[in-house]
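Asker: 3D model of this:
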Amino acid sequence: MKTRISTILKSIPADVLLFLGACCFWGFSTSVGDAIFNNFLNESFQMSNFKRSFLEVPRELPGLSVVFVSALFFFLCSRRLAALAMLFSAIGTLLLALTPPVYLTMLIWLFLLSMGQHIMLPLSSSIGMELARSGHTGKRLGQFNSAKNFAAISGSALVFLGFRYLHFSFSSTFIIASIGFLIASALLLKMKKQPSQNTSSNLKIYKEYNLYYLLSILYGARKQIFLTFAPWVLVTIFKKPTTTVATLMTIGGAVGIFFQPFIGWCIDRFGEKLVLASEAVVLIVICIGYGTAKSLFNSDIAFYITAVCFITDGLLMSVGMARATWLKKIALHPSHVTPTLQMAVSLDHIFSISGAVFCGMIWKIWGYQYVFLFAALIAVINFFSALRIKTSTKERTAETKVVTAVTR
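Answerer: Numbering: from 1, shown residues only. The predicted structure is shown next:
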């Protein structure tokens, strides 16, 4: 058995194994941090709902600056820049652990942590696609995301066990997450160096990719509502402790081990249009569940419905790989892929940051239910936008001509 495993490992390229390991430690540390973050804020700073939503401005501002920071480090290849990103996250998380819970200081360390995470997001897709065989891009991204999910299970499970039985504190948990980010950085640094980025492409918006930008913006708006308000509903509306959030993340991670490769297979088999349109339909149902469960059912049933929505919503985050694989298919030149992924992250954060503040105001004035009804509207727009995706060579050529003529 050991010989067989050894033979399989030797047949896998070293860079694939290194990136797989980096994804695992990235997923582990991200899960550890996410599992405690909302409870950390609630217990350390006693935030109001509006103040919690406003916190997303400094937290998500690094996403807006991704394209500019990436251009600043033009001399680094994507793999070295990813290593630097994980180092940023490690330092930011460590400082959250070691400094007193002062609000303004926390914002600085959160900004540094978030900068690393946001730089890594587009790079994880571009590096993953570099390591894929032709025609199997979705499958490869699904494998990497599955490994990341598997590691995320161990992270959220550690939080659950640590807070329930081992007397973990927020500080000790942040230190563990910091170590994971540091190991991910080291593994990325060991990968084979690639040519550095093409600086002429870093700050360009290509009109041929307008639909891709739109889909990314819609994803950013919906993602921010999930990341900010879904766990906040569990913590403040249902009064659930850290262990509950960690348990739900563990369940989502366990299902994601199988769900991620399945999504990758669906992308390769059925195409990005069907996958992204189906995601939008499911999102509409999820948003309605978030917004109406509490008013339609008793507290216990409402919580279970919200928990199912929380887990399913988290799983659907992985469908984002379909946008990346579609971009690779329609890219006019391979050098456009990474800069366009980075530009999309910056563009979507313009709307996700403003959307977080806007939804915070909606929550304060009308209640959290209307935040998720607004998210359902975004999902409807996302559905009709996904239907515009062209998948064949003939369709892509026609789309490029139309877009060029319209935007000229």
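
Asker: which intervals of the protein have sub-threshold pLDDT?
Answerer: In the predicted model, the chain carries pLDDT under 70 at residues 1-11, 48-50, 52-53, 56, 135, 196-203, 391-408.

Asker: against which helices or strands is the longest helix belonging to it packed?
Answerer: The helix spanning the most residues in the chain, taking DSSP state H as the definition, is helix 14-45. In terms of contacts (3 or more C-beta pairs under 8 Å, 6 or more residues apart in numbering; DSSP states H and E), helix 14-45 is packed against helix 78-98, helix 103-130, helix 137-165, helix 170-190, helix 210-232, helix 242-270. In short, each C-beta sits where N, CA and C put it, glycine included.

Asker: hmm, try it at 6 Å
Answerer: Where contact means 3 or more C-beta pairs under 6 Å, 6 or more residues apart in numbering; DSSP states H and E, helix 14-45 is packed against helix 137-165, helix 170-190, helix 242-270.

Asker: just how off-centre is the shortest one within its chain?
Answerer: The reference is to helix 170-190. On the basis of C-alpha atoms, centre = their mean, to the nearest Å, helix 170-190 sits 18 Å off its chain's mean C-alpha point.

Asker: what angle sits between that helix and helix 14-45?
Answerer: 160 degrees (axes from the mean of the first three to the mean of the last three C-alpha atoms, to 10 degrees).

Asker: can you point out the buried residues in helix 170-190?
Answerer: Buried residues in helix 170-190, counted by 16 or more other C-beta atoms under 10 Å: 170, 173-189.

Asker: what of the first one?
Answerer: Of all the residues in helix 137-165, those buried under the rule 16+ other C-beta under 10 Å are 137-160, 162-163.

Asker: from Thr105, how far off is the residue nearest to Leu94 when sequence neighbours are not counted?
Answerer: Nearest residue to Leu94, sequence neighbours excluded (C-beta to C-beta, 6 or more residues apart in numbering): Ser178, at 4.0 Å. From Ser178 over to Thr105 the distance is 16 Å, taken as C-beta to C-beta, to the nearest Å.

Asker: of the helices and strands packed on helix 14-45, give the one that comes closest to Val66.
Answerer: Of all the helices and strands packed on helix 14-45, it is helix 170-190 that lies closest to Val66, at 17.0 Å by C-beta to C-beta.

Asker: coming back round to it: for the longest helix of the chain, buried residues please.
Answerer: So for helix 14-45, counting by 16+ other C-beta under 10 Å, buried means 15-16, 18-41.

Asker: list the contacts of stretch 269-277.
Answerer: Cys266, Ile267, Ala322, Trp326, Phe383, Ala386, Leu387, Ile389, Thr391 (C-beta atoms under 6 Å, 6 or more residues apart in numbering).

Asker: rerun at 10 Å
Answerer: With contact meaning C-beta atoms under 10 Å, 6 or more residues apart in numbering, stretch 269-277 is reached by 138-139, 215, 218-219, 263-264, 266-267, 278, 319-327, 329-330, 382-392, 395.
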